[in-house]
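Enquirer: Got a predicted structure here, sequence first:
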Amino acid sequence: MTEQKLFAQADEGETVVLAPGNTRKVLIHTPELMQVEFGFDKGAIGALHSHPHIQVSYVIEGVFEVTIDGVTQVVGTGGSFIVPSGLVHGVLALEKGRLVDVFTPMRQDFV
């Protein structure tokens, strides 16, 4: 069994380009929990999708139009939202910004 990582530094981890203007960086995880930073240029889209994981998101910077299960709200810096398991959701970056998402259980597809 490998030792559980307890700390992560800002210069660790690989930034993955998902689409033009959209990046993902896994920050730290256990099998039960994962923290991920997403970066968006103004106008970038996190396409509508769903997954079995519960997700909570925090807006580090920027303003996002967030749609969850057909309901849309604008969420800015310091705001948060929760996506229950299986609901269709996505975002549109109204300005350049970053989200920190936490998933439970971890997203195996991100590692």
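Expert: Received, thanks. Residues are numbered from 1 along each chain as shown.
Enquirer: who's in contact with residue 24?
Expert: Applying CB atoms under 8 Å, 6 or more residues apart in numbering, we find residue 24 in contact with 15-16, 18, 36-39, 110. (C-beta placed from N, C-alpha, C; glycine too.)
Enquirer: For residue 91, state which of the residues you listed is nearest.
Expert: Within these, the smallest distance to residue 91 is 8.5 Å, found for residue 38 (CB to CB).
Enquirer: That closest one contacts residue 98, doesn't it?
Expert: Yes. Contact criterion CB atoms under 8 Å: residue 38 and residue 98 qualify, at 6.7 Å.
Enquirer: now for the contacts of residue 24, which pair is the farthest apart?
Expert: The largest separation in these, counting by CB to CB, is between 39 and 110 at 14.6 Å.
Enquirer: between the two, who's got more neighbours?
Expert: Taking other CB atoms under 10 Å, residue 39 and residue 110 do not tie; residue 39 has more neighbours (21 against 14).
Enquirer: Residue 77 versus the more buried one, what's the distance?
Expert: Residue 39 sits 14 Å away from residue 77, going by CB to CB, to the nearest Å.
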